[in-house]
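Student: starting from these lines, generate the structure:
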Amino acid sequence: MKSTTLSNVSTLFGRAMLASIFITAGFSKITSYAATQSYMESSGVPGLLLPAVIALEVVGGLSILIGFQTQITAALLGGFTLLAAILFHSDFSQQLQAILLMKNIGIAGAFLLLFSQGPGQWAFNPQLQTQEI
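Tutor: This next block holds a predicted model:
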C-alpha cells in the first residue's frame, strides 16, 4: 500500500534536490561570469547566451522547487541538461567527462519522470499533475 504522505514528501524532496543543482549553478555562474563565458566560448558556445543560461537555471530551479509549471520546466531543463552534456561532456578520452555525461543523463531522466508524473500534491499548482501535456 502506497502512503500518500510518503509520496508527497519524497516528491517534494526530489524536486528540492533537482532544483538545488540548478539554483546553485546559476548563482555560481553569476559570481564567476567572465570565467563561465570564456569556458562556453572555448567549447564553441556563444558567450552571449550566458544570461539566458543563468535565467533558465535560476528561474527554472525555483519553479521546480515550488512546483510551479513543473512539467513545462522539467521538459526545458531536461533538454538543456542533455544539450549541456553533448556540448561540454562528450570527450570520452577523459574519464571525468564521461562521468559528467552520465550524471547529466541521469538528471535528464529525473526530469523526464517529473514531466510524466507531475509535481505531486505539495506544489504551487498541483492541478497540473492531472493534465495531459
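
Student: what packs against the helix ranked longest in the chain?
Tutor: Scanning the chain for the longest helix, with DSSP state H as the assignment, gives helix 4-31. Packing partners of helix 4-31 (3 or more CB pairs under 8 Å, 6 or more residues apart in numbering; DSSP states H and E): helix 50-66, helix 70-88, helix 95-117. Placement of C-beta: from N, CA and C, glycine included.

Student: quick check: angle from the second one to helix 95-117?
Tutor: The directions of helix 70-88 and helix 95-117 differ by 160 degrees, with axes from the mean of the first three to the mean of the last three CA atoms, to 10 degrees as the criterion.

Student: touching helix 70-88 from outside, list them.
Tutor: Under the contact criterion CB atoms under 8 Å, 6 or more residues apart in numbering, helix 70-88 has outside partners 15, 18, 22, 43-45, 53, 56, 60-61, 63-64, 100-101, 104-105, 107-108, 111-112, 114-115, 118-119, 123, 125, 128-129, 131, 133.

Student: selecting buried members of those in PyMOL, what would you type?
Tutor: Restricted to buried positions by 16 or more other CB atoms under 10 Å, the PyMOL selection for these reads:
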select buried, resi 15+18+22+45+53+56+60+61+63+64+100+101+104+107+108+111+114+115+118+119+123+128+129
